[in-house]
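[1] My questions are about this predicted structure, shown below with the sequence.
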Amino acid sequence: MTSLPVLGIDVGGTNTDAALIIDGEVVGIAKVRTDPGSLIHSTAAAFAEALRSAGHVSSPLELHLSTTLSTNAIVEGRGDPTLALAVPGPGMRIEDLGLGFSAWQAGGAIDHRGRETAPLDVESVRDALKSAADSGIVALAVAGKFSHRNPAHELQIEQAALEGYPQFASITLGHRMSGRANFPRRLATAYLNARIQRRQSEFVKMLEQLMLSEHRVAQAFLLKADGGTMRLSESMHRPIESILSGPAASTMGALALAADPGVNAAVIDIGGTTTDISVLVSGDPVFDRHGAVIAGHATLVPALFARSIGLGGDSEVRCDQSGVRIGPCSAGTPAALGGNAVTPTDAAAALGLAQIGSRTRAIRALADFAGPIGLSPMAAAERIVSAFAAQLAAEVEAVYTSLESAPVYTVSEMLTSPNIRPVRLIGLGAPAPVFVPRAAALMGLPFELLPFHAAANAIGAAASRPTTSITLHADTALGILTIPEAGYRAQLPSRPDFGLRQARAEALTWAERAARSLGADADAAHDVSIVEEESFNVVRGFHTVGRIFSIKAQVRPKARRVDEA
Amino acid sequence: MNTATCRVGLVFFPAFDWAISPDHPEREERLLYTRDQIAEEGLLDISGIEEYRPLIAADADIERAHVCVPTVNSVATQSHRIAAGGTMLAADLVLQGRADRTFALLRPPGHHAMRIVHGSRGFCNINNEAIMVEHIRSAYGADKRIAIVDTDAHHADGTQDIFYNDPGVLHISLHQDGRTLYPGTGSIDERGGPAAYGLTVNIPLPPGTGDPGMLYVMEHLVMPILHDWQPHLIVNAAGQDNHYTDPLTNMNFTAQGYARLTEMLAPDIVVLEGGYSIEGALPYVNLGILLALAGLDYSAVREPDWRPDSATQPQAVTDAIARTVTALQGLWATRREADLEAIFGAGQFFQRRRDIYYDTDNIMERQSEQIRLCNTCSGWRSIRSEALHAFSGRAVRIGAVIIPRRACRQCRLDAQGEFEQLSALWRAGRLNLTCLQDIEADS
């Protein structure tokens, strides 16, 4: 466990939050407006403000930064023109994948066991590289179907690019991004990564210049969508992993601050326009089963599960036959703060549940809203608050129903599903104190409101640690062991001896190695666990000819405990 | 992300921890490579294709279609209950409008399981399609007319047995000629019982039949029959062992052929049956079926070892298929003119005796059955069955009386009377078990 003070910074769309933590205590927090033109300046301003609020800090710092840099670049469609080179093999037509970008298709095929069933069309690859290079494209993304089982074709393409076209400054190979199946997602992940790589490198360099020298930052880490961190230098190779780190930081904040973080709980982060619901099972955040989705692109980026719903303090309020409905659109600024439309925030202000802006203005707006439906302003406010709580409780219930109905592939999982039901709700975000207790009452659950809730995301960033996962696939019938994320593929040394025990040990070793290379200290790197495991006999002609093991080992996201100073 | 033109519900359950025995074709590994292919193609990211977790069939669900000897638990494991429950869910999704079409891609299979179940035959214990059909009629209306088109290479003798005398079910089985393959039955003159004569349609195909022959049968026989009969629902029992790489059969279908078949048939519900070329066929056939169901382009789905001549068939096979089709077209067109008295006799009952072998469990069953020839309903049935369990040397004798859906009052009374007689035999120790199956009353 590090003894350095940790500064967590979350650069959000509107505000940039910072929290300085020393020995598990929050000693300084800061909030500045985000300058959309310069994330670097926003970061620097929050940095300085947090240090100022903490008084004098002399020792070197560890910086944990969550930014919207990569998220914004993808959402706004910015980034370098990129050649996406695909080896789709037989199956779905690539034109039908709805990728949202065009891909050059090269002949060649690998099957589900990782066997080459058609050689790579090297000529076609060279044509693609040449025509892209000629038109000034410098970013290259490569992905093949089943390349996670055998990356040979991707490596051949990389080789061709390195040898013939040094102008490709950034090359992303799909198999290195994830060991999971899903060719379209692998292609999209590689494409987006290659596209934003140069931008990320520039950001990292600027950050290093601007801050590391100036502020005695000993180590700097970037937050990832899985609630973990990676070394700043590593982020230049895998910038795509830093997307959607903001919501993950909030979940980690809940873990760091919750009174009893080891239980099943729903984390409810209520903002102005949306509410994010995430899930803890025995204190571990639940992952998205497939990977992050960003701006319509489905990716293989490991991400915490979060359901984002259009329900927040500034949501639109409507009234129809079935009663009061809130969201999913935003109404803009609440009346209490100078806006025109009535919002849940106004209802809370009118009832005296929150001190926000002008209560008089809120009541006046409520009167305009309530008049036509024959209600007093206060009665309308009560209904709005109740409707918000009811909608929130229903959404939380829907999250659990959907997680519980996730497909399983074994009889034993069908018969003994683990209990993931929450025993409490954990609320964060400014409107949480008004709505979370009411939603909890409807669900018959206790609740907890986090201290420092306004900066929980920054605290979450500060409290998180390096994470990683690797996928081991061993096929003893073919005598091949593959760990795509590590770029490792080897003959199995002694085939008859290689069993599940050896496969597990191998997976743990590689995960630990990967964690260290991402900046994990010895404690974190040792904390690897096997999170998925499959083992099959391979039978041909009524004889067992080998076994297939598939193992995912992971350093899970974990939050250091943080207390009120 | 792409959008399917038809909303497809996929109930996928590969039972990765269940096998008949470790080296058996029906083992954990069977759908592993299919899972890999579906996951790698990213099929579940397509908007409109949704994956569902199966249900678990209860005793009552199973006992609508079967008489399990001595109990449901003795013949069906949890894995069988999940496969049956998953198939029921596939029907629910369609009938509740949650999906346009569904695919119950699960194991173990069921189409060799007959009404009386003493154990496992042809890798099947309980009949997924039959349990689903009875579930549909109980939950969504007994008047639902359901067509089952079984495209497994083996004759669907279990499904045929269960619906043999059921006028609400049209059962069409395409299969490799029974003279050359298990279970040996399925000739064109097995045409249904007295109350459903002509609604059992067997289409035996010569070994070596390829895509052209199968599609010829679909176009000239199966589709016209379906058009004629106008079912509310079309179920495809999609065995994949007609594939040219299947180790247990001698047919020449390809993934393209299966996909085209699916496109032509446009089934509401597809249920996996057999198919044991787990690497060379299943990943590609299942992908082809799913894409065809979703209305997506399947033209690039190809087996790695596919060659242009993979699906070819000899001229003699083409000619033989054409003759079979012509014969069956005639039988279908004239089915109502058949002289039922000549076929089933003029008495009160039609009787038949059969020996049924359970290859998987090595059980020899001797069965005698009588069906009441009734003018107002499909007639009550009485079955006496004696099973010799070769492994244990145990012999089990049972008597079952079956009251069909929409039975007339007289048949109900007569069936009760018959059941009392069987019960007397049971009390006298001459039967180990008696059973009264009243399908409509769910008991």
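    Nice, I can see it.
[2] From residue A:313, how far out is the residue of the stretch 351-500 of chain A at minimum distance from chain B?
    Nearest residue of the stretch 351-500 of chain A to chain B (Cβ to the nearest Cβ) works out as residue A:410 at 4.2 Å. Every residue, glycine included, has its C-beta placed from N, CA and C. Remark: distance between residue A:410 and residue A:313 (Cβ to Cβ, to the nearest Å) = 44 Å.
[3] Looking at these two, which is more packed in?
    Neighbour count, other Cβ atoms under 10 Å in any protein chain shown: between residue A:410 and residue A:313, residue A:313 has more, with 27 against 17.
[4] pretty sure the more buried one contacts residue A:432?
    No: judged on Cβ atoms under 8 Å, residue A:313 makes no contact with residue A:432 at a distance of 9.7 Å.
[5] List the residues that are in contact with both of these two.
    residue A:270 (Cβ atoms under 8 Å, 6 or more residues apart in numbering or on different chains).
[6] any low-confidence regions in the stretch 101-250 of chain B?
    For the stretch 101-250 of chain B, no stretch is flagged by pLDDT under 70.
[7] And the strands in it?
    Secondary structure of the stretch 101-250 of chain B (DSSP state E, counting those that start in this stretch): strands at B:101-106, B:116-117, B:146-150, B:169-176, B:200-205, B:233-238.
[8] what's the closest of these to chain A?
    strand B:101-106 (10.0 Å).
[9] is chain A contacted by that closest one?
    No: Strand B:101-106 stays clear of chain A (Cβ under 8 Å from any Cβ of the partner chain), getting no nearer than 10.0 Å.
[10] what's that strand packed up against?
    Counting by 3 or more Cβ pairs under 8 Å, 6 or more residues apart in numbering or on different chains; DSSP states H and E, the packing neighbours recorded for strand B:101-106 are strand B:3-13, helix B:78-95, strand B:269-272, helix B:282-294.
[11] rank the ones you listed by pLDDT, which is bottom?
    Among these, strand B:3-13 carries the lowest mean pLDDT, at a mean of 94.
[12] Buried by neighbour count: which residues of that one qualify?
    Neighbour-count burial for strand B:3-13 flags B:4, B:7-13 (criterion: 16 or more other Cβ atoms under 10 Å in any protein chain shown).
[13] again, but for stretch B:325-336
    For stretch B:325-336, using 16+ other Cβ under 10 Å, the buried residues are B:325, B:328, B:332.
[14] ok, the last one touching residue B:201?
    Yes: with contacts counted by Cβ under 8 Å, residue B:332 reaches residue B:201, the gap being 6.9 Å.
[15] hey, what's in contact with both of those two?
    In contact with both residue B:332 and residue B:201: residue B:225, using Cβ under 8 Å, 6+ apart.
[16] what about residue A:276, which SS state?
    strand (DSSP: H, G, I helix; E, B strand; the rest coil).
[17] and it, how many neighbours does it have?
    22.
[18] residues touching it, list them.
    Contact partners of residue A:276, counting by Cβ under 8 Å, 6+ apart, are A:247, A:250, A:268-269, A:306-308.
[19] Quick one: the residues you listed as JSON lines, columns for neighbour count too.
    Formatted as JSON lines, the contacts of residue A:276 follow (neighbours: other Cβ atoms under 10 Å in any protein chain shown):
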{"residue": "A:247", "neighbour count": "23"}
{"residue": "A:250", "neighbour count": "32"}
{"residue": "A:268", "neighbour count": "25"}
{"residue": "A:269", "neighbour count": "27"}
{"residue": "A:306", "neighbour count": "23"}
{"residue": "A:307", "neighbour count": "17"}
{"residue": "A:308", "neighbour count": "15"}
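[20] Which parts of the stretch 201-350 of chain B are helices?
    B:211-217, B:223-229, B:255-265, B:282-294, B:315-333, B:340-344 (DSSP state H, counting those that start in this stretch).
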